[in-house]
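Student: Next input, structure requested:
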Amino acid sequence: TKSVIKNIQWITGNNFTVERGRRQIEEYISTWDVHRSWLHWSEFLQDEELKYSKRYYYRVCWSVPTRRKPIPQATASIYFVIEISKIKPATLPVEVFFTLESSRLIHRPEQCQFREKWLKDIIENKIILMERL
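Tutor: Predicted coordinates:
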């Protein structure tokens, strides 16, 4: 069986603001199938002026606090980029892609289904590394 890739209707370039971009990332994350024990927060990091576009960088930091450990041992970050073309019409939706903190692979919301295992793997690898140190 083929899983359905969940996405949202992304904002157009002419309606974009930094805060709307952050809210849209939150809306997109809400389509992910992750256990309710996962908590996250998102923040705008910076923007970058390129020749043919402008990019806006965001970070979403994930963790699983528990009663015994309200401050988690490790967190997992996902970095989002919202790109607005200077060439294409401003009435088109923005381009969005994201990467996991430990990976160079670029994911596009319309092309991939997010997996909770990615967050677990990042945190497990960090904990293993800390134990070795």
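Student: Tell me both backbone torsions, phi and psi, for the residue lying closest to S63 once chain neighbours are set aside.
Tutor: In space, and not counting its chain neighbours, S63 is closest to P72: 3.9 Å by C-beta to C-beta, 6 or more residues apart in numbering. Every C-beta, even on glycine, is put in place using the N, C-alpha and C of the backbone. Here is the backbone geometry of P72 (degrees, to the nearest 10): phi -60, psi 150.
Student: How about M130?
Tutor: For M130, the backbone dihedrals are phi -60, psi -40 (criterion: degrees, to the nearest 10).
Student: returning to that earlier point: what's the distance between the residue nearest to S63 and E43?
Tutor: 17 Å (C-beta to C-beta, to the nearest Å).
Student: got it, and K51?
Tutor: With distances taken as C-beta to C-beta, K51 is found 27 Å from E43.
Student: And for L50?
Tutor: In this structure, L50 and E43 are separated by 22 Å, where distance is defined by C-beta to C-beta.
Student: repeat for W32
Tutor: Using C-beta to C-beta, which is the criterion applied here, W32 is 18 Å from E43.
Student: For the chain, name the helix or strand with the lowest mean pLDDT.
Tutor: helix 116-132 (a mean of 94; mean pLDDT, DSSP states H and E).
Student: tell me what that helix is packed against?
Tutor: Packed against helix 116-132, as judged by 3 or more C-beta pairs under 8 Å, 6 or more residues apart in numbering; DSSP states H and E, are the following elements: strand 76-85.
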